[in-house]
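Colleague: how would this look folded up:
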Amino acid sequence: MDYSMDELMEAKRQIDSTLHKLRETIKTFEAKENAFRYKSQITLAKRRVKAFEIASHFSEDEIERK
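Modeller: Below is the predicted model:
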């Protein structure tokens, strides 16, 4: 598909915003008194961070090509 520069820039902004929120969520869970109780949530958030980092990389590449 062909996306406009505005669409790509907005997608990148949304991805970066979500990444920031996920990283803050991880910090919050890891700082809890019984962090081991949140292990599955922490693992899920870390996997999502990795997925969004990949998406961010590809959107950056696409923006640079335009």
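
Colleague: element containing the residue nearest the centre of the chain?
Modeller: Residue closest to the mean C-alpha point of the chain, counted by C-alpha atoms, centre = their mean, is Leu19 at 2.9 Å. Applying DSSP states H and E as the criterion places Leu19 in helix 5-31.

Colleague: after that helix, which helix or strand is next?
Modeller: helix 39-65.

Colleague: now stretch 1-17: buried residues?
Modeller: Leu8, Ala11, Lys12, Ile15 (16 or more other C-beta atoms under 10 Å). Glycine gets a C-beta too; all of them are placed from N, C-alpha and C.

Colleague: same check on stretch 21-39?
Modeller: By neighbour count on 16+ other C-beta under 10 Å, the buried set for stretch 21-39 is Leu22, Thr25, Ile26, Phe29, Tyr38.

Colleague: if I pick the first one, what's in contact with it?
Modeller: For Leu22, the set of contacting residues under the criterion of C-beta atoms under 8 Å, 6 or more residues apart in numbering consists of Ala45, Arg48, Val49, Phe52.

Colleague: buried subset of those residues as a PyMOL selection?
Modeller: A single PyMOL command suffices to select whichever of the contacts of Leu22 are buried according to 16+ other C-beta under 10 Å:
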select buried, resi 45+49+52
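
Colleague: ok, so of the contacts of Leu22, who is nearest Asp2?
Modeller: Taking C-beta to C-beta as the measure, Asp2 sits nearest to Phe52 out of the contacts of Leu22, at 22.6 Å.

Colleague: chain neighbours aside, what residue packs nearest to that closest one?
Modeller: Leaving aside its chain neighbours, Phe52 sits nearest to Leu19 (4.9 Å; criterion: C-beta to C-beta, 6 or more residues apart in numbering).
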